[in-house]
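Chemist: Show me how the following folds:
(one chain, ligands or ions: 2)
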Amino acid sequence: MEMSQIEIIPFGFAAGAEVRGLDLSKPLEPADLATIKAAWLKHLVLVFPDQDLSAEDQIAFSRNFGELDPQESQAPETLHPDHREILVLSNKVESGKKSGTHNSGRNWHTDLTYTSRPAKGAILHCKEKPSVGGDTMWANLYLAYETLNPNIQQLLEELEAIHDVTLIRGLEQRSPDVIAEMKQRNPPMIHPVIRLHPETKRKSYLVGERVRGFVGMSDEESRHLINMLNEHATKPEFVFRHRWRLGDVVMWDNRCTSHVALGDFDQTQPRVMFRCSLEGEEETGRPFERPQTDDRAAMAQAVAAVS
Ligand code: OGA
Ligand code: MN
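Modeler: Ligands and ions are numbered 1, 2, ... in the order given. Below you'll find the model as predicted:
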């Protein structure tokens, strides 16, 4: 059997590498799969240029890395009509209606943290792109954790964060039915802040801009800590920025990264991406019961009660 000549070219120090020499529409040789898995753990975000995958091809490639998320957290109209495993990220207007994903990913996040089982990873295929702009950035959350002062690392150790789907930036601009679906399917969810990567055994911290607070802290205390941790995690030295080319397939490890989709492009030009999400290996979340009152003391007690 002919061996592929895989080349792995790092794009950045924090994350990102290009993987050349593969046609992902074909089944992978076991040796090539092992090379990709090792490169994924090392570089966190892999870019496979020049691919032309059908929905079936993308699903088959993604299954090499785990089960696919059943996408029950998503509004059905945002999924591929024939393949529920694919979420269609599109800014196209179809029969006068804006797509339910026209502004997805516009604040720093890790996928599906508003569910009980945040995604293990994602595989995103660029189908259409604007002439300029619309880049995506990823932050290396290992480096973010490892560069914190040990006293702060200690503070995070037992901390739990409340992830809230309503904090998706621009959610209010989507159609009312998509907003209603997203809220109804995804009540606020509590996850531990510290994560241990099951394969690399390195620690990182999971916060991001879709966290509304920490269990057992006031809103004000939470706000300052959230901002500090997010600012730190997204410092330029921890971030890899990808400028998309048509046909790119990008695969990231959600267990140690966060990302953001930049809205800096002409919105009259189409930007279309197909995403497969790898199902999280562990259900780390539990629902947060929203306090039934706006009385501050009662709210503080209610928050403390779930800690
Ligand atoms: C995603 C996402 C990034 C992008 O697919 O999870 O956040 O650039 N998209 O579209
Ligand atoms: Mn995302």
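Chemist: hey, let's count contacts and neighbours off CA atoms from now on
Modeler: OK.
Chemist: Identify the residue of the stretch 1-150 of the chain closest to ligand 1, quick one.
Modeler: Minimum separation of the stretch 1-150 of the chain from ligand 1 (CA to the nearest ligand atom) falls at Gly105, amounting to 3.8 Å.
Chemist: how close does that residue sit to His259?
Modeler: 8 Å (CA to CA, to the nearest Å).
Chemist: where's Phe274 relative to Ser4, distance?
Modeler: 26 Å.
Chemist: So which residues on the protein come close to ligand 1?
Modeler: Taking CA under 6 Å from any ligand atom, the part of the chain that reaches ligand 1 is made up of Gly105, Asp111, Thr136, Val260, Ala261, Arg275.
Chemist: Distance-wise, check the closest residue to the third one other than its chain neighbours relative to Trp244.
Modeler: The shortest distance from Thr136 to any residue other than its chain neighbours is 4.6 Å, reached at Ala261 (CA to CA, 6 or more residues apart in numbering). Between Ala261 and Trp244 the distance, using CA to CA, works out to 11 Å.
Chemist: what's the nearest residue to the residue nearest the centre of the chain if we skip its chain neighbours?
Modeler: Nearest to the geometric centre of the chain sits Asp111, at 2.9 Å (CA atoms, centre = their mean). Take Asp111 and drop its neighbours on the chain: the residue closest to it by CA to CA, 6+ apart is Ala119, 5.7 Å away.
Chemist: would you list every one of the strands in the stretch 1-150 of the chain?
Modeler: For the stretch 1-150 of the chain, the strands defined by DSSP state E, counting those that start in this stretch cover 7-10, 17-20, 45-48, 86-90, 93-94, 97-98, 121-128, 136-140.
Chemist: Please identify the most buried of these.
Modeler: Among those, ranked by average contacts under mean count of other CA atoms under 10 Å, first place goes to strand 45-48 (a mean of 26).
Chemist: ok now do the closest residue to Lys129 other than its chain neighbours, which residues does it touch?
Modeler: Excluding its sequence neighbours, the residue lying closest to Lys129 (CA to CA, 6+ apart) is Arg271, at 4.3 Å. The contact partners of Arg271, taken as CA atoms under 8 Å, 6 or more residues apart in numbering, are Leu89, Ser90, Asn91, Lys92, Lys127, Glu128, Lys129, Pro130, Gly134.
Chemist: The first one reaches His102, doesn't it?
Modeler: To tie it back to what came earlier, the one meant is Leu89. Yes. Using CA atoms under 8 Å, Leu89 is in contact with His102, at 6.7 Å.
Chemist: Find residues that contact each of the two.
Modeler: Here Leu89 and His102 have no joint contacts, going by CA under 8 Å, 6+ apart.
Chemist: And for the nearest residue in space to Cys256 that is not next to it in sequence, the neighbour number?
Modeler: Once flanking residues are discounted, Cys256 sits nearest to Leu141: 5.2 Å by CA to CA, 6+ apart. Leu141 has 27 neighbouring residues, counting by other CA atoms under 10 Å.
Chemist: my guess is Leu141 meets Ala233, correct?
Modeler: Yes. Counting by CA under 8 Å, Leu141 touches Ala233, with 6.3 Å between them.
Chemist: And for the residue nearest to Thr136, the neighbour number?
Modeler: 19.
Chemist: Could you list which residues are in contact with it?
Modeler: Per CA under 8 Å, 6+ apart, neighbours of Ala261: Ser104, Gly105, Arg106, Asn107, Gly134, Asp135, Thr136, Met137.
Chemist: Can you redo those as CSV, where the extra columns are distance to Asp164?
Modeler: Shown next, in CSV, are the contacts of Ala261 (distance: CA to CA, whole Å):
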residue, distance to Asp164
Ser104, 15
Gly105, 14
Arg106, 15
Asn107, 13
Gly134, 25
Asp135, 25
Thr136, 22
Met137, 21
